[in-house]
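Enquirer: Sharing a model that was predicted from the sequence below.
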Amino acid sequence: MAKIKGYKIGMVNKQGLLFKDLCEMYFKRCEANGVSYHTTNGYKNTLKYFYEYLQYKGVSEEFYCQDFTAYTFEDFKVHIKQVRKVKDITVNSYIRKLTPMLSYGMELGYIEKFPYSY
């Protein structure tokens with residue numbers, strides 16, 4: 001089994017991957033596919049808000065993909081609306097920038113699939 005930059009190719013343990021590591025994998029995918037710097041920078045800015053949310057909830061940055069649930073997603077939406085005091089359209093903008101990483105995690109089997117909307 002080959003190992004590239006900390007990630008094993010082949011059999012993958014779906015348990016125990018940190019969400020921040022999944023995001024790094026996603027950013028590498030974006031880079032490989034020519035996604036613009038401005039797009040990935042927008043994703044990274046939204047991740048700052050997500051980690052602020054986790055800190056607010058008393059969860060460390062050691063947040064595992066398997067712990068990302070529909071409740072986490074909906075609670076994050078409520079949190080940014082109430083704490084950041086932003087309008088619905090801004091909440092939707094943040095969510096649209098989080099969902100590519102979420103979908104990627106679901107696609108790879110690290111995050112259990114659940115329906116979500118903006």
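Expert: Everything's here; your move.
Enquirer: show me where this protein has strands.
Expert: 3-4, 7-8 (DSSP state E).
Enquirer: Can you list the neighbours in contact with stretch 111-118?
Expert: 22, 65-66, 68-70, 73, 92, 95-96, 99, 102, 105-106 (Cβ atoms under 8 Å, 6 or more residues apart in numbering). Yep, even glycine has a C-beta here, placed from its N, CA and C like the rest.
Enquirer: what does stretch 56-64 give?
Expert: For stretch 56-64, using Cβ under 8 Å, 6+ apart, the contacting residues are 15-20, 51, 54, 75, 79, 83.
Enquirer: 7 Å instead, please
Expert: The contact list for stretch 56-64 (Cβ atoms under 7 Å, 6 or more residues apart in numbering) reads 16-20, 51, 54, 79, 83.
Enquirer: what pLDDT does S60 get?
Expert: The model reports S60 with a pLDDT of 75.
Enquirer: Can you get me a residue count around it?
Expert: Using other Cβ atoms under 10 Å, S60 has 8 other residues around it.
Enquirer: Going along the chain, name the helices of this structure.
Expert: 19-32, 37-56, 70-83, 88-108 (DSSP state H).
Enquirer: Tell me who's in contact with E24.
Expert: Contacts of E24 by Cβ under 7 Å, 6+ apart: none found.
Enquirer: Report how many residues lie close to the closest residue to Y110 other than its chain neighbours.
Expert: Using Cβ to Cβ, 6 or more residues apart in numbering and skipping the chain neighbours, the partner closest in space to Y110 is C65 (3.9 Å). Neighbours of C65 under the rule other Cβ under 10 Å: 24.
Enquirer: I'd assumed L17 was in contact with C65.
Expert: Yes - applying Cβ atoms under 7 Å as the test, C65 and L17 come out as touching, 4.9 Å apart.
Enquirer: which residue packs closest to V91, ignoring adjacent ones?
Expert: Per Cβ to Cβ, 6+ apart, closest to V91 is K81, 5.1 Å.
Enquirer: before we move on, the earlier item: and the contacts of stretch 56-64 as CSV, adding distance to P115 and pLDDT?
Expert: Formatted as CSV, these follow (distance: Cβ to Cβ, whole Å; pLDDT from 0 to 100):
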residue, distance to P115, pLDDT
G16, 25, 84
L17, 22, 93
L18, 24, 94
F19, 19, 94
K20, 24, 93
Y51, 24, 94
L54, 22, 94
H79, 20, 95
V83, 25, 93
